[in-house]
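> here is my input; please provide its structure:
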Amino acid sequence: MNIALIGYGKMGKLVEQLAPAQGAHVRLKLDEFNNTRFEGITPDNFRGIDVAIDFSIPDAAVENIGRISALGVNIVVGTTGWFEQLDRVRCIVEKAGTGLVWSPNHFTWMDTNHPACTPREGYPIEIQALWIRLLRQIERIGGRTERVGWQALAQQALASVEKLFWFEDRGYYADCLAAGSGKPASGASVDDALRSNYLFLISLDLVHGERAKRSVQAAVRHLVVPGALRSLAPLAVSLPLVIRGPDGRLLNDPQNPYWGRYEGDEDTRRKPAYHNGTAWTWTFPPFCEALAAAYDFTPEAVAAAKAYLGSMDRVIVEGCIGHVPEILDGDAIHLQRGCDAQAWGTTEALRVWKILERHGLNMAGRSGTS
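Numbers count the residues shown, from 1 in each chain. Have a look, this model is predicted:
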């Protein structure tokens, strides 16, 4: 695959460094020196280019998309801040018959907006987990760095997570370090809301030992429902979560933001509940994976994890028969809600079941040869 980089800052240089390991090569680099007035986007320059990756600036992104699409080249846009022109951009790429991959500014799966019901501005725990895992993966595939090694960076990041996110008295990791733009994590306010996101630290093989076990136990006590995992525990929080409707009216109790039933008006009832107590099926299999991992995949841990995962049979035989729904009420009787057949809940269940089966077979093999 031949790549054109539009913008050659830190991200562009990282893509250039990592691309060869994935069988890709950067063939063109455009920046403020050779593409000031878009003069670098020409048929000759883009001949043989399979995809362009844009890390430019908001004022230039839409023009870059238009000119590159006109050349018949697909584009991935990492630049943000241009989304008010999304309808125009959609028309441009549809007319050109090219592909466009982009992402909005919100960067976690808890992305409810209008109103913003889970803003989580600052340092969300799952982003830290994914970042540390990525650094380790780069180390594994042989990514080069001119300064400190990737593994050292991963260890430094993990040490910061252990220092800044862990609640010793509660036995779980904070969901987010709340901070405005540019504020360091060390100066952030710690959000003690018990959510499911910290379990990725364990399922991604980053946290082990007593902290992993206590974290899983906290999820068992407060988040697990049959076949799904609550997005927020029914506990009081110290950092208020204020949710206001379009008219400015307060919609929730900021100190007790758990909302256990996903029903009623979308903007004033369902959105506030969506990530604040509603139980999700896709996060439940990673919980089962974390349970087994926290106890080192012992036969007993694998059996327990499989038993929990097996409780998803309830959601498969009810509602849309043979499918896994998107969400359930956090409150009993845990009625199915949202999309009747959700792919990521299904694929995560299958992925984790295969992992548990493999560990079970490995254990059986070892006991058979002892």
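> shaky segments in the chain?
Scanning the chain with the threshold set as pLDDT under 70 gives 104-107, 143-148, 362-370.
> next one: the helix or strand that Val220 is a member of to chain centre, how far?
Per DSSP states H and E, Val220 falls inside helix 209-222. Chain-centre distance of helix 209-222: 21 Å, with Cα atoms, centre = their mean, to the nearest Å.
> show residues contacting it.
Helix 209-222 is contacted by residues 162, 166, 170-173, 194, 196, 198-199, 201-202, 207, 229-230, 233-235, 287, 290-291, 293-295 when judged by Cβ atoms under 8 Å, 6 or more residues apart in numbering. The way it works is simple: take the backbone N, C-alpha and C, and place the C-beta from them, glycine included.
> same question for stretch 320-334.
With Cβ under 8 Å, 6+ apart as the criterion, stretch 320-334 contacts 225-228, 230-232, 234, 258-263, 273-274, 277-281, 312, 315-316, 319, 335-342, 345-346, 349.
> same question, stretch 59-67
6, 38, 41, 52, 54, 56, 75, 77, 79, 81-82, 85, 88-89, 92-93, 100.
> stretch 41-54 too?
Residues contacting stretch 41-54 (Cβ under 8 Å, 6+ apart): 1-7, 12, 15, 27-28, 30, 35, 61, 64-65, 67-68, 71, 73-79.
> go again with 6 Å.
Residues from elsewhere that reach stretch 41-54, judged by Cβ atoms under 6 Å, 6 or more residues apart in numbering: 1-6, 28, 61, 64, 67-68, 71, 73-77, 79.
> any chance of a PyMOL selection covering the buried ones in the residues you listed?
A single PyMOL command selects the buried members of the contacts of stretch 41-54 (16 or more other Cβ atoms under 10 Å):
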select buried, resi 2+3+4+5+6+28+61+64+67+68+71+73+74+75+76+77+79
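> now, the contacts of stretch 41-54 that are in strands?
2-6, 28, 74-77 (DSSP state E).
> from those, which two are the most distant?
Asn2 and Val77 (18.0 Å; Cβ to Cβ).
> from what I see, Ser69 and Thr98 are in contact.
Yes: with contact defined as Cβ atoms under 6 Å, Ser69 reaches Thr98; the gap is 4.6 Å.
> ok, these two, which is more surrounded?
Taking other Cβ atoms under 10 Å, Ser69 and Thr98 do not tie; Ser69 has more neighbours (22 against 19).
> for that one, which non-adjacent residue is spatially closest?
The spatial neighbour of Ser69 that comes closest, neighbours along the chain excluded (Cβ to Cβ, 6 or more residues apart in numbering), is Ala96 at 3.9 Å.
> if I look at that neighbour, how far off is Asp87?
Here the criterion is Cβ to Cβ, to the nearest Å. By it, Ala96 lies 15 Å from Asp87.
> next: Cys339.
Distance of Cys339 to Asp87, given as Cβ to Cβ: 25 Å.
> out of those two, which sits in the more crowded spot?
In this view Cys339 and Asp87 are compared by other Cβ under 10 Å, and Cys339 has more residues nearby, 15 against 9.
> state the distance from the more buried one to Phe33.
In terms of Cβ to Cβ, Cys339 sits 48 Å off from Phe33.
> just Ala294 next, same as before
Taken as Cβ to Cβ, the span from Ala294 to Phe33 is 51 Å.
> tell me which of those two has more neighbours.
Ala294 (24 against 9).
> can you get me a residue count around the nearest residue to the more buried one once chain neighbours are set aside?
Nearest non-adjacent residue to Ala294, counting by Cβ to Cβ, 6+ apart: Ala212, 3.9 Å away. Neighbours of Ala212 under the rule other Cβ under 10 Å: 22.
> kindly report the same for the one 4 residues further on.
Burial measure for Val216: 26 neighbouring residues, criterion other Cβ under 10 Å.
> and stretch 49-63, which residues are buried?
Buried, per 16+ other Cβ under 10 Å, within stretch 49-63: 49, 51-56, 60-62.
> how far away from the center of its chain is it?
24 Å.
> span of that stretch from start to end?
18 Å (Cα to Cα, to the nearest Å).
> the lengthiest helix in the chain packs against which elements?
Taking DSSP state H as the criterion, the chain has its longest helix at helix 343-369. The contact analysis (3 or more Cβ pairs under 6 Å, 6 or more residues apart in numbering; DSSP states H and E) places helix 343-369 against helix 284-294, helix 299-310.
> nearest to Pro246, of those?
Once the helices and strands packed on helix 343-369 are compared by Cβ to Cβ, helix 284-294 is nearest, at 32.5 Å.
> hmm, who's touching that closest one?
With Cβ under 6 Å, 6+ apart, helix 284-294 has contacts from 199, 202-203, 212-213, 216, 219, 228-229, 301-302, 305, 308-309, 348-349, 352.
> let's go with 8 Å and repeat that
Against helix 284-294 from outside (Cβ under 8 Å, 6+ apart): 196, 199-200, 202-203, 205, 208, 212-213, 215-216, 219-220, 223-224, 227-229, 301-302, 304-306, 308-309, 312, 345, 348-349, 351-353, 355-356, 359.
> repeat that for stretch 16-28.
Taking Cβ under 8 Å, 6+ apart as the rule, stretch 16-28 contacts 1-5, 15, 29, 40, 45-46, 48-49, 138, 141-144.
> hey, what's the closest residue to Ser189 other than its chain neighbours bridged with?
Excluding the flanking residues, the one nearest Ser189 by Cβ to Cβ, 6+ apart is Ala178, at 4.5 Å. As for beta bridges, Ala178 partners with Gly122, Ser189 under DSSP bridges.
> next up, the contacts around Ala178.
120-122, 188-191, 239.
> redo the helices and strands packed on helix 343-369 as CSV? Include distance to Gly149.
Converted to CSV, the helices and strands packed on helix 343-369 look like this (distance: least, Cβ to Cβ, whole Å):
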stretch, distance to Gly149
helix 284-294, 25
helix 299-310, 32
